[in-house]
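In: Pasted the sequence and its predicted model underneath.
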Amino acid sequence: MLDHKPLEMAASSNTPTLLLYILDPQYIQNPHYAARHWQFVKDSLKDMARQFKRHELHFSVLEGDTILIMQEIASIFEVQCIYSYQETGLNFSYTIDKALKKWIDSKSIRWVEFQQNGVIRLLKNRKDWIKEWYTFMHDPQLDSSVHQLKTVQWKTDKFQPEYFKQLSSDPEIQRGGETHALAVLQDFIQHRSKQYMYLISKPLESRSSCSRLSAHIAWGNISIRTVYQSAYQAKTNGNKKNLNAFLSRLRWHCHFIQKWSIYLRTKHILPMSENETPTTSINGKRVIPVYH
């Protein structure tokens, strides 16, 4: 589990930890997601489970209302702190987060959320954002030290992940998981990136030269910092133009998410339903959403 701040903090706390993934039904029901997304997530969770098992660690995957699951956990364990990453998502997931925060505060539990990529929460403007982005990307990657984790096992007949159990597997869909992400990254750096600049704007040819890392980054299988530093260090072996072009697009990824998150907090953005596409304009320019 490379460069993973919540795991690193849990390991260093020397406190029994429940490693947990919750599939809230609101995600399954949301029209922005389809079976192919959940197959990728299922692959990713199975890869995590295999890695945890090698270290004799317990990992729980549950399906159900987030608050109800947390209430059940709190009735069995003394929950002192929750570690997670910050999320930049859709309004429905933000609503879940706000409800969870309200419940956590009512129980006097600490919830520590860490910056996941180059997007800075509650940033007022992007004046020094590029400097902050490069600082974050060049910070040392974290050693999560999973072997130091002390996990607790929670067996329950409630909240079984029935959706994942019934989800069929399509062999044509990209496989998820950190193991696959690292392999895809190395293949890109060593081989496919050599044509990156020349083919990236061509819909057909770019399939053989692009990084194929977008899904892995979006679902947290690999950190942007890991990707950035791997490509940055590879420049010493040549292929600088292509790798520099790729590194700039990694910054674009965070730039547009950061830009949109700031605009959402201004008076210029009109409220709308999740099924609508924004057509508002800022300084005469049309704005469209970029979600992560």
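Out: Happy to help now that I have it.

In: Report pLDDT for the residue minimising distance to the centre of the chain.
Out: Taking Cα atoms, centre = their mean, the centroid of the chain lies closest to Gly220, which sits 3.2 Å from it. On the pLDDT scale, Gly220 is placed at 93.

In: can you map out the strands along this structure?
Out: For the chain, applying DSSP state E gives strands covering 19-23, 59-63, 81-85, 110-114, 281-282, 285-286.

In: want to throw those strands into CSV with mean pLDDT?
Out: Formatted as CSV, the strands of the chain follow (pLDDT from 0 to 100):
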stretch, mean pLDDT
strand 19-23, 97
strand 59-63, 96
strand 81-85, 95
strand 110-114, 95
strand 281-282, 45
strand 285-286, 47
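
In: what would these look like in TSV with mean neighbour count and distance to Asn30?
Out: In this view, the C-beta of every residue, glycine as well, is placed from N, C-alpha and C. Output for those, formatted as TSV (neighbours: other Cβ atoms under 10 Å; distance: least, Cβ to Cβ, whole Å):
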stretch	mean neighbour count	distance to Asn30
strand 19-23	19	12
strand 59-63	19	14
strand 81-85	16	20
strand 110-114	13	22
strand 281-282	11	27
strand 285-286	8	25
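
In: got those strands as JSON lines, with distance to Ser201 columns?
Out: Below are the strands of the chain laid out as JSON lines (distance: least, Cβ to Cβ, whole Å):
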{"stretch": "strand 19-23", "distance to Ser201": "37"}
{"stretch": "strand 59-63", "distance to Ser201": "39"}
{"stretch": "strand 81-85", "distance to Ser201": "32"}
{"stretch": "strand 110-114", "distance to Ser201": "35"}
{"stretch": "strand 281-282", "distance to Ser201": "26"}
{"stretch": "strand 285-286", "distance to Ser201": "22"}
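
In: coming back round to it: gap between the residue nearest to the centre of the chain and Tyr85?
Out: Distance from Gly220 to Tyr85, counting by Cβ to Cβ, to the nearest Å: 7 Å.

In: again, but for Pro6
Out: For Pro6, the distance to Tyr85 - Cβ to Cβ - is 6 Å.

In: Any idea which helix or strand in the chain has the lowest mean pLDDT?
Out: strand 281-282 (a mean of 45; mean pLDDT, DSSP states H and E).

In: Tell me if I'm right that Lys259 and Ile130 touch.
Out: No: counting by Cβ atoms under 8 Å, Lys259 does not reach Ile130; the two are 12.0 Å apart.

In: Which one of those two is surrounded by more residues?
Out: Neighbours were counted for Lys259 and for Ile130 using other Cβ atoms under 10 Å; Lys259 has more, 16 against 13.

In: ok, now which ones touch the residue nearest to the more buried one when sequence neighbours are not counted?
Out: Nearest in space to Lys259, with sequence neighbours left out and distances taken as Cβ to Cβ, 6 or more residues apart in numbering, is Arg126 at 6.8 Å. Neighbouring residues of Arg126 by Cβ atoms under 8 Å, 6 or more residues apart in numbering: 255, 258-259, 262.

In: Then Ile262?
Out: 123-126.

In: same check, this time on Gln148
Out: 11-12, 14.

In: What is the neighbour count of Lys102?
Out: 10.

In: Check the spacing between it and Gln39 real quick.
Out: Lys102 is 33 Å from Gln39, by Cβ to Cβ.

In: Please apply the same query to Ser214.
Out: For Ser214, the distance to Gln39 (Cβ to Cβ) stands at 16 Å.

In: Asp157 too?
Out: From Asp157 to Gln39 the distance is 25 Å (Cβ to Cβ).

In: between those two, which one's more packed in?
Out: Gln39 (19 against 5).

In: Kindly state the beta-bridge partners for Arg110.
Out: The bridge-partner assignment for Arg110, based on DSSP bridges, gives Cys81.

In: show me what contacts it?
Out: 80-82.

In: picking that back up, my guess is the residue nearest to the centre of the chain meets Gly89, correct?
Out: No: between Gly220 and Gly89 there is no contact under Cβ under 8 Å: 11.9 Å.

In: Phi, psi for the residue lying closest to Tyr27 once chain neighbours are set aside please.
Out: Of all residues not flanking Tyr27 in the chain, Tyr33 sits nearest, at 6.2 Å (Cβ to Cβ, 6+ apart). Dihedral pair for Tyr33: phi -120, psi 150, per degrees, to the nearest 10.
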